[in-house]
Every structure is written in C-alpha cells, then in structure tokens.
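> The sequence and its predicted three-dimensional model are supplied below.
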Amino acid sequence: MNLIFLGPPGVGKGTIAKYIVKEKGIPQISTGDLLRAAVKEGSELGKKARGYMGSGGLVPDNLVIGLLKDRITKDDSQNGFILDGFPRTIPQAKALEESNVQIDKVLNFKASDELVIDRISGRRTCKKCNAIYHIRNIPPKVEDVCDKCGGELFQRGDDKQEKVKKRLEVYREQTAPLIDYYKEKGILADIETEQPIPGIVVDVMEEI
Ligand code: AMP
C-alpha cells in the first residue's frame, strides 16, 4: 500500500506516520529527514539543499525527485511506503506518476494555523534517531533526552518562530494545490488532527 501524508508543516504527519509504520509494516519515507541527512553528511546534494532548507523555502524539484526515486527502489519499499512531506509541488506529484508509482490513498491532515504554530514551536527532535517530541503534548521522560535511544533532543532551526511563517506561506502557495489535485483523482481523505493522537491513528486506519 502506497500512501501520501499531506498537510502543513507541524500538523503531525511524521508523528502519526510512526504509528502507521508499526500497524502496516511499511516504511515512512520523509524527504525532510533524507535531506537533513544529506546536509549532515556534507554530500553534494546536501550542500545544494542547505540554503533552501534554512530559509524555509522548498528545495528544487529536480533534487528532491531524484532523492525520492532512489529511496523507493530500496528493498524495504517494495510492499508499500508512507511518503511524509513528498510530493510538495504539482511537478513532484507528476514525477511520481511518470515513474509509474501508483498511489492508493492521500491522507490530508488538517489543523488551524494556530495549532500548527503551537505544534511546531514546541517540537523537539532527536539528533540521533529523528524521534519527535513536543514539550507539552509528547514530553520525553527526561528533559531533552530521547526515550528511545538516549540521544539529545534539539529544536530544528527551521522550527523557530521566524521561519515558521514563511514555511506556512510556502505550504499554502506550492503544496496546498495538491489537495484539489488528489481530490479530483478520488483518492483523498481528510483527517482531522484537532483531537488526541489515538483518535487520529484510528481515523487514518479506517481510511486505508
Ligand atoms: P520537513 O521535515 O518535511 O518539514 O522538511 C524540511 C525542509 O526540507 C522543508 O522546509 C524543505 O526545505 C525541504 N523539503 C522536504 N521535503 C521537500 C520536498 N518534497 N520538496 C522540496 N523541499 C522539501
């Protein structure tokens, strides 16, 4: 089963994806995580992507599409995957189709701007394993330490308040048009995220 998790930054796509990975046994593929790994490694791609990511803008389509295509040819993706943060533009969606990647369902995660801003500004991420926390909603047992691997938790540079506004604008302009794009194909389902996590997971499971 091939799924797309669509929605503004901070809505909780990554958090919910981790639950669905456990339920369905398919990997979560986050282009944001792949890009951050490339930046950390200092690869050519990472060097090119870094400035765009730091500014809160999107990395050019050709770079991200290549990265994603390589990732979905790996063995673990052959029975399906969750795309978290891809596609983010109409050309990216078209590139998937041109590569004959069949998408079964697109989950459109919804929340007010207010809630999204609160979720992003309280988000903390593990440096080692990318686990996601929230200082109030999903706190770690020990402050700034990952429950899963003991890694250090930090606030992503682009999660800081001044970058969040720009990321939401970019979402509205470049990514939100995908809602109608997939609605017209009859594969879109809205998921209301203004409820506790277990309810969101149940709603997603009912749709897939
Ligand atoms: P995320 O972790 O999904 O919030 O992504 C962090 C940053 O990585 C975004 O703000 C973009 O700069 C970049 N990025 C991630 N996925 C994509 C994508 N599909 N297309 C373009 N840029 C992306």
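Looks like it came in fine.
> And the residue of the chain found nearest the ligand, what's its pLDDT?
Across the chain, no residue is closer to the ligand than Gly32, which sits at 2.0 Å (CB to the nearest ligand atom). In this view, the C-beta of every residue, glycine as well, is placed from N, C-alpha and C. Looking at Gly32, its pLDDT reads 95.
> I'd say it and Leu83 touch.
No: the criterion here is CB atoms under 8 Å, and Gly32 misses it with Leu83 at 11.2 Å.
> Between these two, which is the more surrounded one?
Leu83 (25 against 20; other CB atoms under 10 Å).
> Which residue, other than its chain neighbours, is closest to the more buried one?
Distance criterion CB to CB, 6 or more residues apart in numbering; nearest residue to Leu83, sequence neighbours excluded, is Ile4 at 4.8 Å.
> Quick check: the one you found is in a strand.
Yes: counting by DSSP: H, G, I helix; E, B strand; the rest coil, Ile4 falls inside a strand.
> Specify the beta-bridge partners of it.
Taking DSSP bridges, one finds Leu83, Val106 as the beta-bridge partners of Ile4.
> cool, and Cys126?
Assessed by DSSP bridges, Cys126 has beta-bridge partners Leu153.
> Now for it: which residues touch it?
Under the criterion of CB atoms under 8 Å, 6 or more residues apart in numbering, the neighbours of Cys126 are 132-133, 146, 148-149, 151-153.
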